[in-house]
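Peer 1: pasting the sequence and the predicted coordinates here, then a few questions.
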Amino acid sequence: MAGFDEAGLPGKRYIRDGFANCHDPSDFINAFQLENCVLLPSLHPALHLLDLQNVPRVNFHQSLLEELRDKLLKKIKDCDKEKLKSLLEHTFKYVHVDQLRPVIMAIMKEMPAIDQQYLDQLADSSRLYADCPVEVKRQIWIRRHPLFGDAVGPLLKNYVEHKYAELFSLDQTPSKTFFVVAPRQRRQHKIVKELASMIGKSIELYNLLLQFLRTLFLRTRETHYCSLRAEILMAFHDADISEIRSVDPCHKFAWCLDACIREKNAESRRLKELRAFIDGMKKGEEEVIGDVAMIACDPFAVNTLASSILSLCNKLIKSDALPRATPDLMFLIRIFTLSLSAWEMISNQNFKEPPMNNEIITQFLPSLCSLMLEEQFHVISDKLSSQSTEISISNVFWKYVQDSAVALTLTWYYVIYLMQQSKRAILRTLLPTLCRVSKETPPNDCILNAISSVLARHQDDFHSPDHCSLIFEKFLFTWLPDASFLHHALRLLWFVHTKIESNTLVALLTNAQPSSEHPENLHELHAKLVDAVALSKSSTPSSVEQPNSLSPALSPVISPGIKTPPSI
């Protein structure tokens, strides 16, 4: 009988007062049953029959209520707008009755516009608001933006947490990097689909979500919000919801860039479309460039753009052409510059395309091409000569790496390319200096995931102590107090620890011991890794050359009091 009193029906309070004030409880019960029974003469004989079968009246009335409610719910879908409005006027006072609320919610669900008075009552009651279908909540959110923020806030947080779970996952095979997930598959994630369902066809809610994403990106510098900015738009594109797709001025740009990500390369045809979009923006549409930059700042877009730039540089070397004579390469640098300037643009509210540093085209890219060419010649000379020569890197190259975010990011992607090709000679020269130069601007988690995943494909390289020293001590351990770098170092060790010599492995695990300032999950991961190492070494047959003494040696590395979970 919950909600009867609020609806003006005789409920618990009425019954309690009736028993308190009556002289004969039997008379009150009979009067109450007579006043509140089902007013259908044809059902009265059934009541006596049910009494003979000892069926409680409450069971009869509940079954009757459910039957009538189900029939009414089916008819509501066929009602026109005016009849729905009339039904709502007659029934809304019963919204507090749990058994009748589904009928009222079904009526409002079919109404494209609900009166403000009803929406206010729903919004003011947490119990009623929680029971509203999304179609009704949508109309509440349009009028009460904070409630929409409360609804999408946990989803946005969970979205970023899901991205980091993918970045640090131990379940991925070494060949699977963060960037291998196809765009359409990413848009099928339950959080993206739920956000799209919450917005429906409401332009106001869509714009409100975009504003939330801009604000969160501004506060946190978290580029995964840029991914969601692109994914939510393309989710509406996939669903062919023209109400949203047609009003977002970035739709064509996002669709074309999404095609580049899907094809894993920015082809000349796609670049012409992107160039036409950016060059075609009219005066007064300056703010659009901020959203364009945010979409281009999506880590998947940055990865595609960087890979395309390096691919074009390789082609330039083969054709003996200059970067400044290649329009596609110049435009890629232009888009790349825009993507890396997204946060500053939104932060400063200066919605102008940042000027491209021409020296990146005329100085840095030729230096990069020269380095790529020297690396190729080094491979040939190593094959012809028994002596390995040192690869030299020009000061001009390092100057731009140190001063330009574009040059630094491209260099990190060049490092990924070298690791994919297992070019250990040039890495020995390039990587330590790159770490020193970028000490204050370390690579992000997406780049680190790609690096650790690529390195895990070449596990046999870790037989060499020099290679272990290069990757861990001179690279990952450079930023070791940072929790992200420690996490990626432990993740890489998880994949390659069986290939590392025992003494080297003990030293690495000791150096990678989390401190008290690190989060609990890193202590658990370290302890799990230590257990896995001890188990793998204890299962190795002992011999003179390989004594089975690693497990005791690892015991000081395990944090006291940390219980190893069964899985991460």
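Peer 2: All right, it came through fine.
Peer 1: helices of the stretch 51-200 of the chain, start to end?
Peer 2: 57-76, 81-91, 101-109, 116-124, 126-131, 134-143, 145-167, 183-187, 190-199 (DSSP state H, counting those that start in this stretch).
Peer 1: can you put those helices in a markdown table and add distance to H518, mean pLDDT and mean neighbour count?
Peer 2: (Glycine included, C-beta is placed from N, CA and C.) Shown next, in a markdown table, are these (distance: least, CB to CB, whole Å; pLDDT from 0 to 100; neighbours: other CB atoms under 10 Å):
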| stretch | distance to H518 | mean pLDDT | mean neighbour count |
| --- | --- | --- | --- |
| helix 57-76 | 55 | 82 | 12 |
| helix 81-91 | 56 | 90 | 14 |
| helix 101-109 | 48 | 92 | 20 |
| helix 116-124 | 43 | 94 | 15 |
| helix 126-131 | 38 | 94 | 14 |
| helix 134-143 | 39 | 96 | 19 |
| helix 145-167 | 15 | 96 | 16 |
| helix 183-187 | 30 | 93 | 16 |
| helix 190-199 | 28 | 96 | 18 |
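Peer 1: of all the ones you listed, which one is nearest R275?
Peer 2: helix 183-187 (21.2 Å; CB to CB).
Peer 1: what lies in contact with the closest one?
Peer 2: V192, K193, S227, E231, M234, A235, D238, D258, I261, R262, F300 (CB atoms under 8 Å, 6 or more residues apart in numbering).
Peer 1: buried subset of these?
Peer 2: V192, S227, E231, M234, A235, D258, I261, F300 (16 or more other CB atoms under 10 Å).
Peer 1: closest to L522 out of those residues?
Peer 2: Each of the buried ones among the contacts of helix 183-187 was checked against L522 using CB to CB; the closest is S227, at 24.7 Å.
Peer 1: what's near enough to touch the closest one?
Peer 2: Listed by CB under 8 Å, 6+ apart, the contact set of S227 reads K163, R186, D298, P299, F300.
Peer 1: 6 Å instead?
Peer 2: By CB atoms under 6 Å, 6 or more residues apart in numbering, S227 lies in contact with D298.
Peer 1: look up how far N357 lies from it.
Peer 2: The spacing between S227 and N357, counted by CB to CB, to the nearest Å, is 26 Å.
Peer 1: so how far is Q211 from the spatially most central residue of the chain?
Peer 2: Compute the mean C-alpha point of the chain, and by CA atoms, centre = their mean the closest residue is Y159, 3.8 Å away. Distance, Y159 to Q211, using CB to CB: 16 Å.
Peer 1: ditto for V396
Peer 2: For V396 relative to Q211 (CB to CB), the value is 43 Å.
Peer 1: try V454
Peer 2: Going from V454 to Q211 by CB to CB gives 37 Å.
Peer 1: more crowded one of those two?
Peer 2: A count of neighbours by other CB atoms under 10 Å puts V454 above the other of V454 and Q211, at 20 against 12.
Peer 1: chain center to the host helix or strand of the more buried one, what's the gap?
Peer 2: Secondary structure from DSSP states H and E places V454 in helix 445-457. Centroid displacement of helix 445-457 relative to its chain, using CA atoms, centre = their mean, to the nearest Å, is 18 Å.
Peer 1: same question, stretch 205-222
Peer 2: With CA atoms, centre = their mean, you get 13 Å for stretch 205-222.
Peer 1: can you dump the C-alpha coordinates of it into CSV?
Peer 2: Output in CSV follows, covering the C-alpha atoms of stretch 205-222 (Å, rounded to 0.1, in the frame of the first residue of the first chain):
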residue,chain,number,x,y,z
LEU,A,205,21.8,17.1,-24.3
TYR,A,206,24.4,16.3,-27.0
ASN,A,207,25.8,19.8,-26.8
LEU,A,208,25.7,19.5,-23.0
LEU,A,209,27.7,16.3,-23.1
LEU,A,210,30.3,17.9,-25.4
GLN,A,211,30.6,20.7,-22.9
PHE,A,212,31.2,18.3,-20.1
LEU,A,213,33.9,16.6,-22.2
ARG,A,214,35.6,19.9,-23.0
THR,A,215,35.6,20.8,-19.3
LEU,A,216,37.0,17.5,-18.2
PHE,A,217,39.7,17.6,-20.8
LEU,A,218,40.6,21.1,-19.7
ARG,A,219,40.8,20.1,-16.0
THR,A,220,42.6,16.8,-16.4
ARG,A,221,44.5,17.0,-19.8
GLU,A,222,43.1,13.4,-20.3
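Peer 1: any buried residues in that stretch, and which?
Peer 2: Across stretch 205-222, burial judged by 16+ other CB under 10 Å covers L205, Y206, L208, L209, L210, F212, L213, R214, L216, F217, E222.
Peer 1: helices - which of those land there?
Peer 2: If you go by DSSP state H, these have L205, Y206, L208, L209, L210, F212, L213, R214, L216, F217 in helices.
Peer 1: between the residues you listed, which is closest to N30?
Peer 2: Using CB to CB, those come closest to N30 at L205, 54.2 Å.
Peer 1: show me what contacts that closest one?
Peer 2: Taking CB under 6 Å, 6+ apart as the criterion, L205 is in contact with W141, I199.
Peer 1: try T304
Peer 2: Contacts of T304 by CB under 6 Å, 6+ apart are C260, I261.
Peer 1: what distance do you get for it to N265?
Peer 2: With CB to CB as the criterion, T304 and N265 are 7 Å apart.
Peer 1: kindly report the same for H526.
Peer 2: 39 Å.
Peer 1: so those two - more neighbours on which side?
Peer 2: The residue with more neighbours, out of H526 and N265, is H526; 25 against 13, by other CB under 10 Å.
Peer 1: burial count for E287?
Peer 2: 12.
Peer 1: how about the nearest residue to it, chain neighbours excluded?
Peer 2: F351 (4.9 Å; CB to CB, 6 or more residues apart in numbering).
Peer 1: tell me the SS of the one you found?
Peer 2: Applying DSSP: H, G, I helix; E, B strand; the rest coil to F351 yields a three-state assignment of coil.
Peer 1: quick one: the helices in the stretch 351-500 of the chain?
Peer 2: Going by DSSP H, counting those that start in this stretch, the stretch 351-500 of the chain shows helices at 358-359, 365-384, 395-403, 405-420, 424-437, 445-457, 465-468, 483-496.
Peer 1: gap between the residue lying closest to L65 once chain neighbours are set aside and D70?
Peer 2: In space, and not counting its chain neighbours, L65 is closest to Q99: 5.7 Å by CB to CB, 6+ apart. The spacing between Q99 and D70, counted by CB to CB, is 12 Å.
Peer 1: secondary structure element for H526?
Peer 2: Using DSSP H and E, H526 sits in helix 520-538.
Peer 1: that helix to helix 483-496, inter-axis angle?
Peer 2: 20 degrees (axes from the mean of the first three to the mean of the last three CA atoms, to 10 degrees).
Peer 1: from T326, how far off is D27?
Peer 2: 99 Å.
Peer 1: more crowded one of the two?
Peer 2: The residue with more neighbours, out of D27 and T326, is T326; 18 against 10, by other CB under 10 Å.
Peer 1: distance of the more buried one relative to S308?
Peer 2: For T326 relative to S308 (CB to CB), the value is 12 Å.
Peer 1: just Y414 next, same as before
Peer 2: Counting by CB to CB - Y414 and S308 are separated by 13 Å.
Peer 1: next one: L209
Peer 2: Plainly put, L209 is 30 Å away from S308 if you go by CB to CB.
Peer 1: how about M105?
Peer 2: 51 Å.
Peer 1: just to revisit the earlier point, among the buried ones among the contacts of helix 183-187, which are in helices?
Peer 2: Applying DSSP H to the buried ones among the contacts of helix 183-187, the entries found in helices are V192, S227, E231, M234, A235, D258, I261, F300.
Peer 1: low-scoring stretches of the stretch 251-400 of the chain, by residue?
Peer 2: The model of the stretch 251-400 of the chain has pLDDT under 70 over residues 378-390.
Peer 1: for it, just list every one of the strands.
Peer 2: Shown for the stretch 251-400 of the chain, no strands are assigned by DSSP state E, counting those that start in this stretch.
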